[in-house]
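> my questions are about this predicted structure, shown below with the sequence.
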Amino acid sequence: MIEQSRKNYKKPELVSPAGSLDKLKTAIEYGADAVYAGGKDFNLRNSAANFTLDEIGSAVEYVHERGKKLYITLNIFAHNCHTSRMEQYLKELAECPVDAVIIADPGVLSLVKEIMPDTACHISTQANCTNTRAVDFWYKQGVKRVVLARELSLNEVSEISANSDCATEVFVQGAMCLSYSGRCYLSSYMANRGANLGDCAQSCRWKYALVEEERPNEYYPIVEDGEFASVMSSRDLCMIQHIPELISAGADAWKIEGRMKSQYYVATVTRIYREAIDMFFGNEVYEYQDRWLEELGKISNRGYNTGFFLGSPGLDGQRVGEDSGYIQDYKFVGLFGRQKDEKLIEVIVKNSFQVGEDLEVMGKRSDRDFVQNIKQIFNKNLESVQKANPGQSFFIIPERPVEEYFILRRKVL
């Protein structure tokens, strides 16, 4: 039924994370319709590089020249000490024609409406919107879009989207939080770092042991089937196998989590969801591709599930009986830069590589991927060298045509 009527569905906007200007450009190059980013303050990813006001201005120019959009996060739960500083920040931000700001706090919303009345406001998933009345409440306050709580099923998303005049957005890929919509106090209690002010210490990902009060120096590991049990570490969300169901649910936008993650992560996830969306709304018959999930397995992840979309994840939602760390089968080796001449192209090196290696080249579409044997490496003086070190730029001769922002990666043995 979905296949027969798919042209009647609305095409969702693909919203990718941008923890820095380089990541923003990567997201756009790999197919994002919009990107979301944070300034140097007032957002929930303080540890990301984030953007100065000048960089936000440059980012707006970059995305608008390409017909894309930029959303700026202002989604902390503000105290009075924040709102007094935020007033000046908003006055300066108002000079940048961003497409929307993302907010969780009603007080912040009132400030934005007062200082930036012509800027669209989106409500963050941190606001815990789980029902139609909540979405309608925000809509009556002048909000244009609500990012729904991640604890909703597809049926609930569908019901809200169909019965509210407000646009809706859902997360489809990325890390999940142990706490309800990310409103966590564990980090504040254990590390004196406030998750609701953008400084989460990821305490739920730590390894824990049991200590009996009269034996303070004796630690008993919490285990499951003979292995360490990370009882609070959630698996990552991945909905790539359920594109028709997601589209049928009717959300206006799909969001990818990951402002703290690498350009490689941003590129990989964005291009896969771009391909899936375009196939569904294209002229060809939609058919799920196994390589999509295989590709998403090549980025760092904690194991995947479908979150709450298909029902409560239960025990499957946690990484019980496994190491709480990332699964990392591939390394980000480098990013292709400028073309030096007809043969040589720059590689901005992230992890070292050397002559004789076979590396994968990842294009902006998966049909551009190929394996490259590194036969020669040249430094900035065009001298032949045996090894390219991270933090520098080198040149290679690609075996097939490549473009700026193509990626080099290595399978971890």
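Perfect, I can see it now.

> just the helices in the stretch 251-400 of the chain please.
Assigned by DSSP state H, counting those that start in this stretch, the stretch 251-400 of the chain shows helices spanning 263-281, 290-296.

> so for residue 352, which of those sits nearest?
helix 263-281 (15.4 Å; CB to CB). Any C-beta I mention is one placed from the backbone N, CA and C, and that applies to glycine too.

> the closest one - contacts with which helices or strands?
strand 13-17, helix 21-29, strand 167-174, helix 243-249, strand 253-256, helix 290-296, strand 330-339, strand 407-411 (3 or more CB pairs under 8 Å, 6 or more residues apart in numbering; DSSP states H and E).

> with just CA atoms, put the fifth one into CSV.
Output in CSV follows, covering the C-alpha atoms of strand 253-256 (Å, rounded to 0.1, in the frame of the first residue of the first chain):
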residue,chain,number,x,y,z
ALA,A,253,11.6,16.5,9.2
TRP,A,254,14.1,13.7,10.2
LYS,A,255,17.0,14.6,12.5
ILE,A,256,20.3,12.9,12.8
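
> the chain - how does it break down into domains?
Domain ranges of the chain: 6-179+234-311, 330-411, per automatic domain parsing.

> could the ones you listed go into CSV alongside mean neighbour count, mean pLDDT and distance to residue 214?
Shown next, in CSV, are these (neighbours: other CB atoms under 10 Å; pLDDT from 0 to 100; distance: least, CB to CB, whole Å):
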stretch, mean neighbour count, mean pLDDT, distance to residue 214
domain 6-179+234-311, 19, 93, 30
domain 330-411, 16, 97, 46
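
> for residue 218, find the nearest of the ones you listed.
domain 6-179+234-311 (27.1 Å).

> give me the beta-bridge partners of residue 103?
When bridges are called by DSSP bridges, residue 103 pairs up with residue 74, residue 123.

> what sits against it?
Counting by CB atoms under 8 Å, 6 or more residues apart in numbering, residue 103 makes contact with 74, 75, 109, 112, 121, 122, 123, 124, 127.

> check contacts around the third one.
Going by CB under 8 Å, 6+ apart, residue 109 touches 103, 121, 141, 143.

> which of the residues you listed sit farthest apart?
Farthest pair in those, by CB to CB: 103 and 141, 10.1 Å.

> closest one to residue 216 among the domains of the chain?
Here domain 6-179+234-311 is closest among these (CB to CB), at 26.7 Å.

> so what does residue 53 look like in phi/psi?
Main-chain dihedrals, residue 53, degrees, to the nearest 10: phi -60, psi -40.

> do you know how far the closest residue to it other than its chain neighbours is from residue 112?
In this structure, residue 53 finds its nearest non-sequential neighbour in residue 92, 5.4 Å apart by CB to CB, 6 or more residues apart in numbering. Plainly put, residue 92 is 13 Å away from residue 112 if you go by CB to CB, to the nearest Å.

> and what of residue 70?
Distance of residue 70 to residue 112, given as CB to CB: 15 Å.

> next up, the contacts around residue 389.
Counted by CB under 8 Å, 6+ apart, residue 389 has contacts 349, 352.

> for residue 351, see how far away it is.
Residue 389 is 9 Å from residue 351, by CB to CB.

> same check, this time on residue 65
32 Å.

> and residue 330, bridged to which residues?
residue 411.

> I figured it hits residue 410, correct?
Yes: contact criterion CB atoms under 8 Å: residue 330 and residue 410 qualify, at 6.6 Å.

> which neighbours do these two have in common?
Common contacts of residue 330 and residue 410 (CB under 8 Å, 6+ apart): residue 360.

> in the stretch 1-150 of the chain, which spans are strands?
13-17, 34-38, 69-74, 100-103, 120-123, 145-147 (DSSP state E, counting those that start in this stretch).

> the inter-axis angle of the first one versus strand 167-174?
When you say that, I think you mean strand 13-17. Put simply, strand 13-17 runs at 50 degrees to strand 167-174, going by axes from the mean of the first three to the mean of the last three CA atoms, to 10 degrees.

> sorry, back to before: can you put the domains of the chain in a markdown table and add distance to residue 211?
Listed next are those as a markdown table, based on distance: least, CB to CB, whole Å:
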| stretch | distance to residue 211 |
| --- | --- |
| domain 6-179+234-311 | 21 |
| domain 330-411 | 37 |
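
> right, and the residue nearest to residue 53 touches residue 56 too?
No: between residue 92 and residue 56 there is no contact under CB under 8 Å: 9.4 Å.

> which residues are in contact with both of the two?
By CB under 8 Å, 6+ apart, no residue touches both residue 92 and residue 56.

> residue 82 is in contact with residue 74, isn't it?
No: the pair residue 82 / residue 74 is not scored as a contact, 9.8 Å apart, by CB under 8 Å.

> list residues touching both of those two?
The overlap between the contact sets of residue 82 and residue 74 (CB under 8 Å, 6+ apart) consists of residue 42.

> same list, the contacts of residue 109, but as JSON lines with distance to residue 356 please.
Below are the contacts of residue 109 laid out as JSON lines (distance: CB to CB, whole Å):
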{"residue": "103", "distance to residue 356": "52"}
{"residue": "121", "distance to residue 356": "54"}
{"residue": "141", "distance to residue 356": "61"}
{"residue": "143", "distance to residue 356": "56"}
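
> wait, which of those is closest to residue 164?
Among the contacts of residue 109, residue 143 lies closest to residue 164 (CB to CB), at 10.8 Å.

> still on that earlier bit, distance to residue 281 for the contacts of residue 103 - can I get that in a markdown table?
As requested, the contacts of residue 103 are arranged in a markdown table below (distance: CB to CB, whole Å):
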| residue | distance to residue 281 |
| --- | --- |
| 74 | 32 |
| 75 | 30 |
| 109 | 33 |
| 112 | 33 |
| 121 | 28 |
| 122 | 23 |
| 123 | 27 |
| 124 | 28 |
| 127 | 30 |
